[in-house]
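# Next one to model:
(chains A, B, C and D)
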Protein chains: 2
Amino acid sequence: MALPSTYADRNCSLARALEVVGERWTLMIVRDAFFGVRRFGDFAAQLGIPRAVLTSRLKALVQEGVLVRDDDGSGNVEYRLTDKGVELWPVVRALMGWGDAHYSPAGVKRATRHDQDGGPLDPDGRCQDCGVLVPVPDIRIEPGPGFVAADSEPDRVSFAINTPRRLLEPVTPRAAAGRD
Amino acid sequence: MALPSTYADRNCSLARALEVVGERWTLMIVRDAFFGVRRFGDFAAQLGIPRAVLTSRLKALVQEGVLVRDDDGSGNVEYRLTDKGVELWPVVRALMGWGDAHYSPAGVKRATRHDQDGGPLDPDGRCQDCGVLVPVPDIRIEPGPGFVAADSEPDRVSFAINTPRRLLEPVTPRAAAGRD
DNA sequence: ACGGGTAGTTCGTTCATTGAACTACCTCAC
DNA sequence: GTGAGGTAGTTCAATGAACGAACTACCCGT
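Now for the predicted structure:
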C-alpha cells in the first residue's frame, strides 16, 4: 500500500480507491465512522486495533479528505466523515451485503431503513415504501435477524452501535451542543 | 487478515467480507477475473504481484468459493469466478465509482454499457436506455474519457482488457472450444 | 499538586510481502 | 526419446508492516 501507487495500474480506479481504503483496518474505521464513532479511544477499543496503526490510518484518511480531524483544543479530538467519506457508503453497503448473503445464513446482521417512514431499503439504498433514494444521514441502521447478542455486557459504544440509530449520529453525546 | 477472524467483530458482515476479499491484492485479482483474466501467469504479469502471494491469494479465493480452479491436466489451469464471485461486482463497481469520482477528473477510466443495446449504465448497474438491471455477463466495459493510453506497446492481456468487451469473456482464447 | 481522562508515541517481537531464482510438469517438433 | 518452450507453481533471504504493551504528553476540575 503505502503511498500512491503500489498498485501500479494507472488506468484502474479500483486500484486508486484501494490505495486509499484498501489497507487493513481502513474500511473498518470508515464503517465505525458511519456508525457514529468519532473518538480515537472509541475506534481503538471498538476495533481492537493497535493504537499506532490507528494513528497511521486516521492520518492517512484525513490527508485523503475522507475524515476531518476536529480538535477542540481541550484534549478532545473528533474524526468525522467528510462528504467524500460519506460517498464511501455504497462500498460499505456492497461489502456488507455480500457478507450477509454468504456468511450470515440467519439473515442480515444489520438492517437499514428509511428513518422517516421506517421502510426497508433495497440493495441500492432506495426505500421500498416511498421509493426515494435515501440520503445517508436519513438511513437508520438496526440489528437484523442474523444479529447475535453479545455474551457479556456491552460497553457504551457497542451498545450505541447495536441500537437502532441513524448513520453518522455521534455515539458519544459530546458535552458541547451544536457540535454535529 | 489471515484466517477467520482477525477482525473480531462477529456481528459485522463487513468484517466478514473483508476476511475474504480485504487482503492486499485480492480485489485486484477479482477485478482481473471480471475482465476475463483466468491464467496464473496472466494475473501475475498484469498485477505485478509476487507469484508466491498470488498463489496464496488464489488458494484462499478458491477455498472461499469465489473462484474455481480448473485444471485440464495438461499444465493449463484456469481460475474463473463462481456465482459467489460474480456477486462481488457491486463491490468492485462501487470502489471503481468512488475512485473515478475523486481521482479521475477527466472522467471515468472505464465505462460500462449494456452490451445488447449499448446503453450506458447508471451507478446501480441499470441500463439507462432500456431500464433493465443488466446481468454481469451482459455488461460491456470499455475505456472512458479518463482513460490514459499506455506509452508502450501493450501486451496481449492489457490490450484485451483495454478493448471494449463483455465482462467475464476470457482474454485468452483457449484452444479447446466450449470451455466457458 | 493531583487524579483521571484524552490522544497519541515508542519499541521489541512477530508476521507478511517482496523479488529473484529455481523446480516440476506437460507438449510439441525433431 | 530428447530437447526447447510454455505453464504453474515453490523456495528463501531481505525488507517492511502489524502487534501489543508500556510509556509520554496534554488538559481538566478539585
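# Just the residues contacting stretch A:91-111, thanks.
Residues from elsewhere that reach stretch A:91-111 (C-beta atoms under 8 Å, 6 or more residues apart in numbering or on different chains): A:17, A:21, A:27, A:30-31, A:34, A:112, A:120, A:123, A:125, A:141-147, B:11-18, B:21, B:84, B:87-88, B:90-91, B:93-95, B:98. For glycine as for every other residue, the C-beta is placed from the backbone atoms N, C-alpha and C.
# hmm, try it at 6 Å
With contacts defined as C-beta atoms under 6 Å, 6 or more residues apart in numbering or on different chains, stretch A:91-111 is touched by A:31, A:123, A:141-142, A:144-147, B:11, B:13-14, B:16-17, B:84, B:87, B:90-91, B:94-95.
# With stretch A:50-59 instead?
Stretch A:50-59 has contacts (C-beta under 6 Å, 6+ apart) with A:25-26, A:29, A:43-44, A:79.
# can you pull the buried residues of that stretch?
A:53-54, A:57-58 (16 or more other C-beta atoms under 10 Å in any protein chain shown).
# about what we covered before: can you list which of the contacts of stretch A:91-111 are found in strands?
A:141-142 (DSSP state E).
# Can you tell me which of the contacts of stretch A:91-111 are classed as buried?
A:31, A:141, A:144, A:146-147, B:11, B:13-14, B:16-17, B:87, B:90-91, B:94-95.
# any idea how far residue A:67 is from residue A:80?
Distance of residue A:67 to residue A:80, computed by C-beta to C-beta, to the nearest Å: 6 Å.
# Neighbour count for the two, which is higher?
The neighbour count for residue A:67 versus residue A:80, taken as other C-beta atoms under 10 Å in any protein chain shown, is higher for residue A:67 (24 against 18).
# Name the residues of chain A found near DNA strand C, please.
Contact residues (C-beta under 7 Å from any atom of the strand) of chain A with DNA strand C: A:6, A:39-42, A:50-52, A:55, A:58, A:69, A:75-78.
# Looking at those, spot the one nearest residue B:154.
Within the residues of chain A next to DNA strand C, the smallest distance to residue B:154 is 21.1 Å, found for residue A:6 (C-beta to C-beta).
# name the element residue A:27 belongs to?
In the assignment (DSSP states H and E), residue A:27 maps to helix A:26-34.
# actually residue A:78, sorry about that
Element membership for residue A:78 (DSSP H and E) is strand A:77-81.
# so what's residue A:115 up against?
If you count contacts by C-beta under 6 Å, 6+ apart, residue A:115 has them with A:138, A:140, A:166.
# Residue A:61 belongs to a helix, doesn't it?
Yes: the assignment for residue A:61 is a helix, going by DSSP: H, G, I helix; E, B strand; the rest coil.
# Tell me, how many residues neighbour it?
Neighbourhood size, residue A:61 [other C-beta under 10 Å]: 24.
# just residue A:135 next, same as before
Neighbour count for residue A:135, taken as other C-beta under 10 Å: 13.
# can you list contacts of the helix or strand of chain A with the lowest mean pLDDT?
Lowest mean confidence among the helices and strands of chain A (mean pLDDT, DSSP states H and E): helix A:156-161, at a mean of 90. The contact list for helix A:156-161 (C-beta under 6 Å, 6+ apart) reads A:35, A:42, A:46, A:171.
# switch to 8 Å and redo it
The contact list for helix A:156-161, computed with C-beta under 8 Å, 6+ apart, reads A:32, A:35-37, A:42, A:45-46, A:150, A:171-172.
# neighbour-wise, which of the residues you listed leads?
Ranked by neighbour count (other C-beta under 10 Å), those have residue A:37 at the top, with 25 neighbours.
# hmm, back to that, as TSV, the contacts of stretch A:50-59 with pLDDT would be great.
Shown next, in TSV, are those (pLDDT from 0 to 100):
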residue	pLDDT
A:25	97
A:26	98
A:29	98
A:43	97
A:44	96
A:79	98
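# Just name the closest of the residues you listed to DNA strand D, please.
When the contacts of stretch A:50-59 are ranked by distance to DNA strand D (C-beta to the nearest atom of the strand), residue A:25 comes first, at 6.2 Å.
# returning to what we had before: after the least confident helix or strand of chain A, next one along is what?
Immediately after helix A:156-161, counting by DSSP H and E, sits strand A:165-166.
# helices or strands up against that following strand?
Where contact means 3 or more C-beta pairs under 8 Å, 6 or more residues apart in numbering or on different chains; DSSP states H and E, strand A:165-166 is packed against strand A:139-143.
# Sounds good, over and out.
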